[in-house]
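In: Okay, predicted coordinates and the sequence, questions at the end:
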Amino acid sequence: MQVVVAESSTIVRSGMSAVLKRLPGMNLHIIEIASPESLHSYMQMHIPDVMIVNPLFGGWFDFAAFKATHHKAETKYIALVCSIIDESLLKGYDEQFTLYDHTDTITEKLEKLFHIDNEEDSEKDSEQETLSQREKEIVTCVVKGMTNKAIADQLFLSIHTVITHRRNIARKLQIHSPAGLTIYAIVNKLVELQDIKEAL
């Protein structure tokens, strides 16, 4: 990932670059730019993935005009906030870093910006979101302590269908015990604690 750090202060610019180079699990190629003129020249020939720029770069950085001149849909713009500035100067940026951000925070912001996730985690999340209404009803019944036969009778399904649904629920949620399902159901507000107490 190609990252431009545009900042006139050598200490801040070099410090930001050093932090970026140490981020775990990120393969970043850092380009340091010290003046607005150099930045304009660079952008005429290159398309960086990320541009980290101080909103006060060169005294006052006209971000809107710069973006209009060098519009690259692929480039993400991050404001490097080094002092107290007017919030309006941050308008249009995709994200912002401050001098007080921890490396974990910077990593998290970059991952969020580029949707870099652990594939397994994102698959689990998307599958959890696709739990059908029928599956939610079955989770509720299981948590209330109902047998497969009782669930089948209540929902007008065959026992075989209930078992298939339960297998799908376990696969989607990666939860293989009634206790785990109980926690899931409470957290996702599928049941009230009162319902569980009554079942016990």
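Out: Great, that's in hand.
In: Flag every buried residue along the top helix by length along the chain.
Out: In the chain, with assignment by DSSP state H, the single longest helix is helix 159-173. Across helix 159-173, burial judged by 16 or more other CB atoms under 10 Å covers 161-162, 165-166, 168-169, 172-173. Glycine gets a C-beta too; all of them are placed from N, C-alpha and C.
In: Give me the residues contacting the helix or strand following it.
Out: Next along the chain after helix 159-173, taking DSSP states H and E as the criterion, comes helix 178-187. When contacts are defined by CB atoms under 8 Å, 6 or more residues apart in numbering, helix 178-187 is touched by residues 139-140, 142-143, 169, 173, 175, 190-191, 193, 196.
In: how about the strands of this structure, start to end?
Out: For the chain, the strands defined by DSSP state E cover 2-6, 29-33, 50-53, 76-81, 95-98.
In: could those go into a markdown table alongside distance to residue 105, mean neighbour count and mean pLDDT?
Out: Output for the strands of the chain, formatted as a markdown table (distance: least, CB to CB, whole Å; neighbours: other CB atoms under 10 Å; pLDDT from 0 to 100):
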| stretch | distance to residue 105 | mean neighbour count | mean pLDDT |
| --- | --- | --- | --- |
| strand 2-6 | 16 | 22 | 94 |
| strand 29-33 | 18 | 17 | 95 |
| strand 50-53 | 14 | 24 | 94 |
| strand 76-81 | 12 | 21 | 93 |
| strand 95-98 | 8 | 16 | 93 |
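In: Kindly reformat those as CSV containing distance to residue 13.
Out: Converted to CSV, those look like this (distance: least, CB to CB, whole Å):
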stretch, distance to residue 13
strand 2-6, 5
strand 29-33, 5
strand 50-53, 9
strand 76-81, 9
strand 95-98, 12
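In: quick one: which of those strands is nearest residue 19?
Out: Comparing the strands of the chain against residue 19 with CB to CB, the closest turns out to be strand 95-98 (9.0 Å).
In: Could you export that closest one as CSV, CA atoms only?
Out: Extracted in CSV, the C-alpha atoms of strand 95-98 (Å, rounded to 0.1, in the frame of the first residue of the first chain):
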residue,chain,number,x,y,z
GLU,A,95,-10.4,9.8,8.5
GLN,A,96,-8.1,11.7,10.8
PHE,A,97,-5.0,10.9,12.8
THR,A,98,-3.8,12.9,15.8
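In: how does this protein divide into domains?
Out: With domains defined by automatic domain parsing, the chain comprises 2-116, 121-199.
In: can you pull the contacts of the closest residue to residue 137 other than its chain neighbours?
Out: The shortest distance from residue 137 to any non-neighbouring residue, by CB to CB, 6 or more residues apart in numbering, is to residue 155 (6.2 Å). The contact partners of residue 155, by CB under 8 Å, 6+ apart, come to 134, 137-138, 141, 162.
In: Need the per-residue pLDDT for residue 155.
Out: pLDDT for residue 155: 88.
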